[in-house]
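1. What shape does this take:
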Amino acid sequence: MEDRTNPEKLIIDHFAGFIEVSDDLKSQLLRRIKVVQYKKGQVLVKAGKICTKSYFLVKGITKTYFMKEDKEVIEYFGSKNQWANSPRSWRTNKPDVYYVEALENVTALCIKVNDMKFLFDHFPELDRYGRLSMITLLDHLLERITSFRFTNAEEKYTHFKKTYPKIHHRIPLGMVASYLGISQETLSRTRAKR
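-> Take a look at the predicted model:
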């Protein structure tokens, strides 16, 4: 069944989950976003380039990864109602090591870094949004570090499924193994025990 949710409503509802969205903020935000689509396998953000856009995902899944010795090291999966970008490059205006790639056909709302800076400069309530959303991201990263360092393969996989409850079954096993930092064989054995 096709998702017919209004993309603009999704992003306004997302912000409203953190802050009160005034009519002026809503109007300024909607003027600065555009709907974009990427086919499975297309790269939204390239390593070695400055990330000048951020993507609010409406449909589909992305993976954020870097390359190490010709192997992908997956750091994050993005899905509906989440942002996809290279946060460090976005913030510093410098190239970074991360790629963001569409794992499925993706529909997203795109906003340029300069437009987002304008909104932050003119709407102080976005500081609260930024702080609260970064705390959410920090919580996710701390959980991931703890899982990565202090759990066995089965516990890592259980944590992965809790972290990505709506999409874990749509992600190829090799990518899940990369995200978990274990071999695909170990992941297959772990899943077979269940």
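
2. Spatially nearest residue to residue 123, not counting backbone neighbours?
-> Closest residue in space to residue 123, ignoring its immediate chain neighbours: residue 25 at 5.0 Å, by C-beta to C-beta, 6 or more residues apart in numbering. Yep, even glycine has a C-beta here, placed from its N, CA and C like the rest.

3. Revised request: answer the last question for residue 125.
-> Per C-beta to C-beta, 6+ apart, closest to residue 125 is residue 19, 4.7 Å.

4. Isn't the one you found up against residue 126?
-> Yes: counting by C-beta atoms under 8 Å, residue 19 does reach residue 126; the two are 7.1 Å apart.

5. which residues sit in contact with the residue nearest the centre of the chain?
-> Nearest to the mean C-alpha position of the chain, by C-alpha atoms, centre = their mean, lies residue 78 at 3.4 Å. Neighbouring residues of residue 78 by C-beta atoms under 8 Å, 6 or more residues apart in numbering: 57, 61, 62, 63, 64, 84, 100.

6. what about 10 Å?
-> 44, 55-57, 60-64, 84-85, 100, 102-103, 106, 108, 164, 167 (C-beta atoms under 10 Å, 6 or more residues apart in numbering).

7. What are the phi and psi values at it?
-> phi -120, psi 150 (degrees, to the nearest 10).

8. Bridged to it, which residues?
-> With DSSP bridges as the criterion, the beta-bridge partners of residue 78 are residue 62.

9. Against residue 36, how distant is it?
-> 14 Å (C-beta to C-beta, to the nearest Å).

10. Could you do residue 112 as well?
-> For residue 112 relative to residue 36 (C-beta to C-beta), the value is 12 Å.

11. Give the residue spans of the protein that score low on pLDDT.
-> Where the chain drops to pLDDT under 70, the residues are 1-5, 194.

12. Do a quick rundown of the helices in this structure.
-> 7-16, 23-32, 87-92, 113-122, 125-150, 153-163, 173-180, 184-193 (DSSP state H).

13. which of the ones you listed sits most buried?
-> Of all the helices of the chain, helix 173-180 has the most neighbours on average by mean count of other C-beta atoms under 10 Å, namely a mean of 19.

14. Would you mind getting the angle between that helix and helix 184-193?
-> Interaxial angle, helix 173-180 versus helix 184-193 (axes from the mean of the first three to the mean of the last three C-alpha atoms, to 10 degrees): 100 degrees.
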